[in-house]
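Novice: just coords:
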């Protein structure tokens with residue numbers, strides 16, 4: 001092999017590495033478990049670089065050649081970044097469902113007012129929401145479920161090839177469906193406490209009608225919170241099991257794994 005051929009092969013290798021890193025790196029910014037905001041950005045980028053190095057020999061034969069113009073190169077990189085962000089968002093919505101359930105639970109048991117910073121929602125959230133968000137990370141890392149969406153990103157090249165057309169319409173529909181599914185899952189997880197809250201409020205309403213001179217709701221507020229927390233502690237394990245089963249099914253339905 002002469003020097004020109006060697007340099008050409010090295011340039012192609014670097015270009016293919018850049019393509020894989022663009023998709024993996026953008027996805028890893030959002031993937032649940034590995035892409036949490038608590039993990040430093042440089043650590044996530046280094047992890048994406050290492051994974052790209054590992055999968056480069058497998059994916060390189062299906063990657064396009066180096067574009068002839070800088071504009072074509074930029075379009076190709078932008079498409080890879082968009083695909084990575086789309087896949088990461090699809091997986092992230094599954095993880096957010098558990099934090100949404102925590103928000104619903106806080107509303108049902110009367111813990112809406114004590115707000116604290118929540119990095120997951122980039123604003124303020126309740127203590128149960130933050131707790132459930134951290135539990136989602138612990139469960140994903142402890143069970144190894146975080147590897148499924150990561151495998152989906154690597155396996156997405158046959159379905160969404162580099163330099164191929166971006167399925168904007170289908171992608172938008174998939175995001176809308178994932179948002180609805182995430183909200184539905186969070187509400188299903190919080191449903192037991194919703195039923196308990198409805199029954200409790202109905203009982204308090206009847207007591208208020210019987211003794212209108214007594215501030216029933218103000219007196220019962222601490223008891224409502226205590227009973228809600230006790231019920232949450234009793235149901236935490238089954239609720240996590242429901243979310244884990246649903247999360248695994250949603251992860252396995254990601255493009256590339258179906």
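Specialist: Received it, and whenever you're ready, just let me know what you need. Note that the coordinates shown come from a computational prediction; the quantities given were computed from them, not determined experimentally.
Novice: roughly how far is stretch 225-243 from the heart of the chain?
Specialist: 22 Å (Cα atoms, centre = their mean, to the nearest Å).
Novice: let me fix that: stretch 161-170
Specialist: Counting by Cα atoms, centre = their mean, stretch 161-170 comes out at 22 Å from the chain centroid.
Novice: what's the weakest-modelled helix or strand in this structure?
Specialist: strand 115-118 (a mean of 50; mean pLDDT, DSSP states H and E).
Novice: For the helix or strand encompassing residue 106, name the packing helices and strands.
Specialist: Using DSSP states H and E, residue 106 maps to helix 70-109. Applying 3 or more Cβ pairs under 8 Å, 6 or more residues apart in numbering; DSSP states H and E, one finds that helix 70-109 makes contact with helix 3-28, strand 123-126, helix 127-143, helix 147-154, helix 168-210, helix 216-252. (C-beta placed from N, C-alpha, C; glycine too.)
Novice: Touching the helix or strand just after the first one from outside, list them.
Specialist: What that stands for is helix 3-28. Next helix or strand after helix 3-28 toward the C-terminus (DSSP H and E): helix 41-59. Residues outside helix 41-59 that contact it (Cβ atoms under 8 Å, 6 or more residues apart in numbering): 13, 16-17, 20-21, 24-25, 27-29, 34-35, 150, 154, 157.
Novice: who touches the most centrally placed residue in the chain in this structure?
Specialist: The chain has residue 92 as the residue nearest its centroid, 1.4 Å off, counting by Cα atoms, centre = their mean. Contacts of residue 92 were listed using Cβ under 8 Å, 6+ apart, and they are 30, 31, 32, 35.
Novice: Next one: it from residue 245, what distance?
Specialist: Remark: distance between residue 92 and residue 245 (Cβ to Cβ, to the nearest Å) = 18 Å.
Novice: count of neighbours near residue 157?
Specialist: 20 (other Cβ atoms under 10 Å).
Novice: helix/strand/coil for it?
Specialist: Secondary structure state of residue 157, per DSSP: H, G, I helix; E, B strand; the rest coil, is coil.
Novice: where does this protein dip in pLDDT?
Specialist: 1-9, 110-125, 204, 207-208, 211-221, 258 (pLDDT under 70).
Novice: what's the distance between residue 168 and residue 174?
Specialist: For residue 168 relative to residue 174 (Cβ to Cβ), the value is 11 Å.
Novice: Between those two, tell me which one has more neighbours.
Specialist: Comparing residue 168 with residue 174 by other Cβ under 10 Å, the one with more neighbours is residue 174, at 17 against 10.
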